[in-house]
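> sequence? don't have it. structure:
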């Protein structure tokens, strides 16, 4: 099934927004019983949808459009001095793309990450069931970018391959390396892999202007924003 017009969507009741206090959110989901081909997944990403496990969703909130889908046009990406410093600081790490599967050391790292950085979020406390459904219930084109420091895993990024790019699903990393900018490192390598695969875009999910958690996405320029049903760059 690849026709957007034939899709069935469901909207959730209003619930507390995960990013902006004192706001209510509504989420629009593609009918989970419907098959989503690579072509359809790509088209959904192009109109602002994201994937979480087997669910494809986007915000559809009343009187709020704060969540803006963003993507990096990788051929125009500006490699800044700060990016090169991050690469240099982590040059001793090894990177390997691995199949999506359960690896105990990945799960241990995920638990440490959630407990250290997201105690106030929906994913706390971390659990194996939640981890599996969120990150391991993936698509055939999904893969894990694994960064190691000697024998220890220090960063894992879950990545989907689309027909026109890569989609950064989620990244978790060691809280013991606060100065290594491991989240930035993962995005830089995803941009590089897009270029290696000749894919024009890296989809970064949603940017929210007044959410400090989302501010990092503005560090990757130029950035395209999906506003009023079209992708545009800010002046």
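Looks like it came in fine. These numbers were taken from a predicted model, which means no experiment stands behind them.

> Distance check, the residue lying closest to residue 14 once chain neighbours are set aside against residue 46.
Nearest residue to residue 14, sequence neighbours excluded (Cβ to Cβ, 6 or more residues apart in numbering): residue 24, at 4.2 Å. The C-beta positions use only the backbone N, C-alpha and C, and glycine is treated the same way. According to Cβ to Cβ, to the nearest Å, residue 24 and residue 46 sit 27 Å apart.

> One more: residue 138?
Distance from residue 138 to residue 46, by Cβ to Cβ: 20 Å.

> Repeat that for residue 77.
Taking Cβ to Cβ, one finds residue 77 at 19 Å from residue 46.

> how long is stretch 91-111 from one end to the other?
One end of stretch 91-111 to the other measures 25 Å (Cα to Cα, to the nearest Å).

> Now do the lowest-mean-pLDDT helix or strand in the chain: which elements does it pack against?
Of the helices and strands making up the chain, the lowest-confidence element is strand 15-16, at a mean of 92, by mean pLDDT, DSSP states H and E. Judged by 3 or more Cβ pairs under 8 Å, 6 or more residues apart in numbering; DSSP states H and E, the packing partners of strand 15-16 are strand 24-25.

> Output the contacting helices and strands for the strand it packs on.
So strand 24-25, by 3+ Cβ pairs under 8 Å, 6+ apart, packs with strand 15-16.

> Show residues contacting the strand it packs on.
Contact partners of strand 15-16, identified using Cβ atoms under 8 Å, 6 or more residues apart in numbering, comprise 23-27.

> Name whatever forms a beta bridge with the residue nearest to residue 186 when sequence neighbours are not counted.
The spatial neighbour of residue 186 that comes closest, neighbours along the chain excluded (Cβ to Cβ, 6+ apart), is residue 157 at 4.2 Å. Beta-bridge pairing for residue 157 (DSSP bridges): residue 145, residue 171.

> wait, isn't residue 157 in contact with residue 167?
No: using Cβ atoms under 8 Å, residue 157 is not in contact with residue 167, being 10.9 Å away.

> Residue 24 and residue 46: which is more packed in?
Shown here are residue 24 and residue 46; by other Cβ atoms under 10 Å, residue 46 has more neighbours (18 against 14).

> what sits against the more buried one?
residue 164.

> separation between it and residue 143?
21 Å.

> Determine the three-state secondary structure at residue 110.
Assigned with DSSP: H, G, I helix; E, B strand; the rest coil, residue 110 falls in the helix class.

> any chance you could map the helices in the protein?
38-46, 81-89, 104-117, 128-131, 182-196 (DSSP state H).

> before we move on, back to that, sheet-wise, list the partners of the least confident helix or strand of the chain with their directions.
Checking strand 15-16 against DSSP bridges gives partners strand 24-25 (antiparallel).

> Need the residues that contact the strand it pairs with.
14-18, 59, 61-62, 64.

> what about it, distance to the chain center?
For strand 24-25, the separation from the chain centroid amounts to 21 Å (computed by Cα atoms, centre = their mean, to the nearest Å).

> try stretch 145-155
That offset, for stretch 145-155, works out to 19 Å (Cα atoms, centre = their mean).

> and residue 104, how many neighbours?
If you count neighbours by other Cβ under 10 Å, residue 104 ends up with 7.

> separation between it and residue 111?
11 Å.

> Quick one: residues contacting the residue of the chain most remote from its centre.
Going by Cα atoms, centre = their mean, the residue of the chain most distant from its centre is residue 6, 26.6 Å out. Contact criterion Cβ under 8 Å, 6+ apart gives no residues in contact with residue 6.
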